[in-house]
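Novice: I would like to see how this sequence folds:
(chains A, B and C)
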Amino acid sequence: METLLYIIEVTAILVFAYSGLVHARQSGFDLVGVLTIGFVTAFGGGTIRDVLLGNHPLYWVVHWEFLVLIGLLLPFEYLLLRSNRNISGGRVLVIIDALGLGLFTASGVGIALSMNTPVLPSAFIGVVTATFGGVVRDILCNQKPQLFLPTEPLYATCAFAGAWIYIALIKLNIAPIAAVLACIATVFLFRILAVKFDIKLRY
Amino acid sequence: METLLYIIEVTAILVFAYSGLVHARQSGFDLVGVLTIGFVTAFGGGTIRDVLLGNHPLYWVVHWEFLVLIGLLLPFEYLLLRSNRNISGGRVLVIIDALGLGLFTASGVGIALSMNTPVLPSAFIGVVTATFGGVVRDILCNQKPQLFLPTEPLYATCAFAGAWIYIALIKLNIAPIAAVLACIATVFLFRILAVKFDIKLRY
Amino acid sequence: METLLYIIEVTAILVFAYSGLVHARQSGFDLVGVLTIGFVTAFGGGTIRDVLLGNHPLYWVVHWEFLVLIGLLLPFEYLLLRSNRNISGGRVLVIIDALGLGLFTASGVGIALSMNTPVLPSAFIGVVTATFGGVVRDILCNQKPQLFLPTEPLYATCAFAGAWIYIALIKLNIAPIAAVLACIATVFLFRILAVKFDIKLRY
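Specialist: I've put the predicted structure just below:
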């Protein structure tokens, strides 16, 4: 089970990084820009979580093997990107991204709760962990954050729903691993339905 | 007196949040974007203050009742916004915003001084606390920060003046509550005069 | 030697601040904007370093004499900027900027290592310390970060090379001052060669 979560985490980080590469390339950045934005998209949400919570050292400082792993795999993603521009909308990427969205929400809420953060700010920090890597990516690319645009199916909303599922199960003394899986399942289900039926928030 | 300051704080946070709603809506964001930017504008300055000072847990983690309050009132602001687009320049908003500018300046300087920060960085942190929620708002909306544009009457300058009044009174061993009130009065006076006589900084 | 490094640090901060003034002025900002962006460009990289590492109080809080110094010298830079728009590409500025790039890389890596950060994240933090003041400058000016554009000669790459030189020498138990000088020399050499021969990263 631990291994499964580790695989989800690594593949999700890679998918987040890949979305960074796509945006950076569209913005006409050079290799420094493309790699920096790949890293920032992958690790930005978790970094904001740790900075908001005062949780030092940061997780990519402790688990710097993630930096190595992403650094080694980025060139392959980069070649993939050059050879095939249409992959970013692909079904596999949407699925992995939805799993990662759930896992990062759970990690954000979990770490926040473990630092005695009340439940409402914990839920917010969970959503920020899962989504703000992409917001920083868009700011660095000088674009409006995709997360806030009505052209995209529900995203932050799915993470918010999953955050409350996670909190409810933890408060009911369910084993954390079960709460993580329930959170991932909830976020995944909501997100896939939102994409399939093109559910969007209007105002 | 404590109650008065609390009322000023809550109404000022609401006015800051409202300016976030206005900008987010003009940027064409969806409900997630509008609410996120409302929260960020309201709590961004204080969050930057706490992160710069290493002051954990953050104030909206400790006082999460503010999140509830703003979350409950945002829908009303939102309806107000839909029904009447011209309110953002209204006199009442300018007055509350000027009071909030003074109060947040005092809170920033006060917390900085209480953590043994020297006076010059404390003054800077006071101004950042009062004004950078709006800067983050504009960055998330992919706009040039309004704070830096010569089209607006004095704003950060008023906060800077109030910060030094606060510091001077604290160093003279005046009661903190009196220093807060003097700071609010100074900032309020400067800001209202700047708006009334359209005083701007050129370069 | 300490004095030499201090002179490099102050002049480099001034050059960074100057680049902030130039960008802010081109963006049409007022005096608050120009001064704020001058400060942010000069102190932004070090601030991000300290926030990522949880290194409080921040260095410009402890060494607030830098704020005074930059605050006193900014008006002169400002007059210089008004009288002569072409100085920003000048040879002297490129040389001082290259020295500062090396010194700030060394300072970032050195502080990270002293807080028991593993070498790979330390190298990253060194590069961020040296280069992200400019990134924040460009974001506040609502521009694409210059650091990521293929129109500029190598910059972050030079800092990255110097970071590894610094780490290698420290791990070999060389005196820190020698490692700092070797880092500055490496970054300086790479950067000057990159500018002279117009070496850029493509993708």
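Novice: Which stretches in chain A count as helices?
Specialist: With DSSP state H applied, chain A shows helices at A:2-26, A:31-53, A:59-62, A:65-83, A:91-114, A:119-140, A:156-171, A:176-196, listed in chain order.
Novice: out of these, which comes closest to B:Leu103?
Specialist: helix A:119-140 (22.0 Å; CB to CB). (C-beta placed from N, C-alpha, C; glycine too.)
Novice: Establish whether the closest one and chain B are in contact.
Specialist: Yes. Under the criterion of CB under 8 Å from any CB of the partner chain, chain B is reached by helix A:119-140 at A:Leu120, A:Pro121, A:Phe124, A:Val135, A:Ile139.
Novice: Farthest pair within those residues?
Specialist: Distance extremes for the residues of helix A:119-140 next to chain B: the farthest pair is A:Leu120 and A:Ile139 at 25.6 Å, using CB to CB.
Novice: Include mean neighbour count when you put the helices of chain A into CSV, please.
Specialist: Converted to CSV, the helices of chain A look like this (neighbours: other CB atoms under 10 Å in any protein chain shown):
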stretch, mean neighbour count
helix A:2-26, 19
helix A:31-53, 24
helix A:59-62, 19
helix A:65-83, 15
helix A:91-114, 23
helix A:119-140, 25
helix A:156-171, 22
helix A:176-196, 19
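Novice: wait, which of the ones you listed is closest to B:Asp97?
Specialist: Nearest to B:Asp97, of all the helices of chain A, is helix A:119-140, at 24.7 Å by CB to CB.
Novice: ok, back up a step: would you reformat the helices of chain A as TSV and include mean pLDDT and distance to B:Gly46?
Specialist: As requested, the helices of chain A are exported to TSV (pLDDT from 0 to 100; distance: least, CB to CB, whole Å):
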stretch	mean pLDDT	distance to B:Gly46
helix A:2-26	86	29
helix A:31-53	94	12
helix A:59-62	93	25
helix A:65-83	83	31
helix A:91-114	92	18
helix A:119-140	97	13
helix A:156-171	97	22
helix A:176-196	95	29
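Novice: Save those as CSV, and put in distance to chain C too.
Specialist: As requested, those are arranged in CSV below (distance: least, CB to the nearest CB, whole Å):
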stretch, distance to chain C
helix A:2-26, 7
helix A:31-53, 3
helix A:59-62, 5
helix A:65-83, 5
helix A:91-114, 15
helix A:119-140, 6
helix A:156-171, 22
helix A:176-196, 25
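Novice: Out of the ones you listed, which gets nearest to C:Asp30?
Specialist: C:Asp30 lies closest to helix A:119-140 among the helices of chain A, at 22.9 Å (CB to CB).
Novice: Tell me what angle that closest one forms with helix A:176-196.
Specialist: Counting by axes from the mean of the first three to the mean of the last three CA atoms, to 10 degrees, helix A:119-140 points 50 degrees away from the direction of helix A:176-196.
Novice: What is helix A:119-140 packed up against?
Specialist: Taking 3 or more CB pairs under 8 Å, 6 or more residues apart in numbering or on different chains; DSSP states H and E as the contact definition, the neighbouring helices and strands of helix A:119-140 are helix A:2-26, helix A:31-53, helix A:91-114, helix A:156-171, helix B:65-83, helix B:119-140, helix C:119-140.
Novice: will you turn the ones you listed into JSON lines that also has distance to B:Phe197?
Specialist: Conversion of the helices and strands packed on helix A:119-140 to JSON lines gives the following (distance: least, CB to CB, whole Å):
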{"stretch": "helix A:2-26", "distance to B:Phe197": "45"}
{"stretch": "helix A:31-53", "distance to B:Phe197": "41"}
{"stretch": "helix A:91-114", "distance to B:Phe197": "47"}
{"stretch": "helix A:156-171", "distance to B:Phe197": "43"}
{"stretch": "helix B:65-83", "distance to B:Phe197": "29"}
{"stretch": "helix B:119-140", "distance to B:Phe197": "21"}
{"stretch": "helix C:119-140", "distance to B:Phe197": "28"}
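Novice: TSV please, covering the helices of chain A and showing distance to B:Ala24.
Specialist: Rendered in TSV, the data for those read as follows (distance: least, CB to CB, whole Å):
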stretch	distance to B:Ala24
helix A:2-26	21
helix A:31-53	19
helix A:59-62	30
helix A:65-83	31
helix A:91-114	22
helix A:119-140	13
helix A:156-171	14
helix A:176-196	21
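Novice: just so I know, which of those helices lies nearest B:Ser19?
Specialist: Checking those against B:Ser19 by CB to CB gives helix A:119-140 as the closest, at 19.3 Å.
Novice: ok, back up a step: name the member of the residues of helix A:119-140 next to chain B with the shortest distance to C:Val22.
Specialist: If you rank these by distance to C:Val22 using CB to CB, A:Ile139 comes first, at 21.8 Å.
Novice: Next to chain B, which bits of chain A? Give me the list.
Specialist: For chain A, the contact set with chain B under CB under 8 Å from any CB comprises A:51-54, A:115-118, A:120-121, A:124, A:135, A:139, A:142-145, A:147-150, A:155-157, A:200-203.
Novice: what's the residue of chain A found nearest chain B in contact with, if anything?
Specialist: In chain A, the residue found nearest to chain B is A:Phe148; the distance is 2.6 Å by CB to the nearest CB. If a contact means CB atoms under 8 Å, 6 or more residues apart in numbering or on different chains, then A:Phe148 has B:Ala24, B:Ser27, B:Phe29, B:Asp30, B:Val32, B:Gly33, B:Val34, B:Thr36, B:Ile37, B:Leu140 as its contacts.
Novice: Read off the pLDDT value for it.
Specialist: Per-residue pLDDT puts A:Phe148 at 94.
Novice: right, and A:Gly38 touches A:Leu74 too?
Specialist: Yes. Using CB atoms under 8 Å, A:Gly38 is in contact with A:Leu74, at 5.4 Å.
Novice: Need the overlap of contacts for these two.
Specialist: Here A:Gly38 and A:Leu74 share the contacting residues A:Ala17, A:Leu21, scored by CB under 8 Å, 6+ apart.
Novice: In contact with the spatially most central residue of chain A, which residues?
Specialist: Note on chain A: the residue nearest the mean C-alpha position is A:Ala130, at 3.9 Å, using CA atoms, centre = their mean. Under the criterion of CB under 8 Å, 6+ apart, the contact list for A:Ala130 reads A:Gly45, A:Gly100, A:Leu101, A:Gly102, A:Phe104, A:Thr105, A:Gly108, A:Ala156, A:Ala159, A:Val187.
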